[in-house]
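Engineer: give me a 3D structure for the following:
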Amino acid sequence: MPREICPTCQRPLKVCYCSALVHIPNRIKVLIIQHPLEQKHPFNTGRMAHLCLDNSELIVAEALSDEELAQLLKSRSALLYPSLSWLPEVEQLKPGTPQAESLEQLVVIDATWRKSKKMLHLHPVLQRLPRVSFEGQLHSNYQIRHSSLENSLSTLESIVVAMQELEPEHDFARILEPFQKMISLQTNLTGTEKPEMENRSEPFAK
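Structural biologist: Residues are numbered from 1 along each chain as shown. Predicted coordinates:
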């Protein structure tokens, strides 16, 4: 008999985290481009972020046409991604600057590191967007899914850090409530905190 699945979080009912969902009225739209494999992963956090942010959009695709991107991107958009050496040099948005305060949209790639790099290679337009990156040491609480890279955050944690800096008037840390509930439910279910999948990497390390 198939397990009953929550239509909102798409998790089995016994590990549904929807009771912990919050709603943040963010000004800057968060556009999450999710790799199709990520959509099917039981612990993906891109969908969770989308459910918590009032002003957000979730697109599932590995590749988008230039026409599709033109329809999705606002005139003042930025990419949330580390400034890696193979990416072109672009404007780095700093919190509190006029450029950051006029930002309309933050684009986030929800994928493993390997898949996110491929998606960026397929979309030069995204590579050329102004960029939001983090500096310093980062710590993730993503106990049930680990990355092979140090200093990495989940998609949801990355969004929380970025949006808190860009819109300090809102408490984006509240989005971590369903995240922590998902981790707790899964840990209690399995009786272990070993990662469910290795080579995890959602888009943040500096």
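Engineer: phi and psi next, for the residue positioned nearest the centre of the chain.
Structural biologist: Most central in the chain under CA atoms, centre = their mean is T155, positioned 2.7 Å from the mean C-alpha point. With angles defined as degrees, to the nearest 10, T155 sits at phi -60, psi -50.
Engineer: does it touch T45 like I think?
Structural biologist: Yes. T155 is in contact with T45 according to CB atoms under 8 Å; the separation is 4.9 Å. For the C-beta atoms, the positions are set from N, CA and C on the backbone; glycine is no exception.
Engineer: give me the contacts around the helix or strand hosting V108.
Structural biologist: Per DSSP states H and E, V108 falls inside strand 105-110. By CB atoms under 8 Å, 6 or more residues apart in numbering, the surrounding residues in contact with strand 105-110 are 28-35, 38, 44-46, 49, 73-74, 76-81, 116, 119-120, 126, 129, 132, 155, 158-159, 162-163, 166, 202-203.
Engineer: what are the pairing partners of it, and which direction each?
Structural biologist: Its sheet considered, strand 105-110 pairs with strand 29-34 (parallel), strand 77-80 (parallel) by DSSP bridges.
Engineer: the following helix or strand past it to strand 105-110, inter-axis angle?
Structural biologist: Per DSSP H and E, the first helix or strand lying C-terminal to strand 105-110 is helix 113-122. Relative orientation of helix 113-122 versus strand 105-110 (axes from the mean of the first three to the mean of the last three CA atoms, to 10 degrees): 130 degrees.
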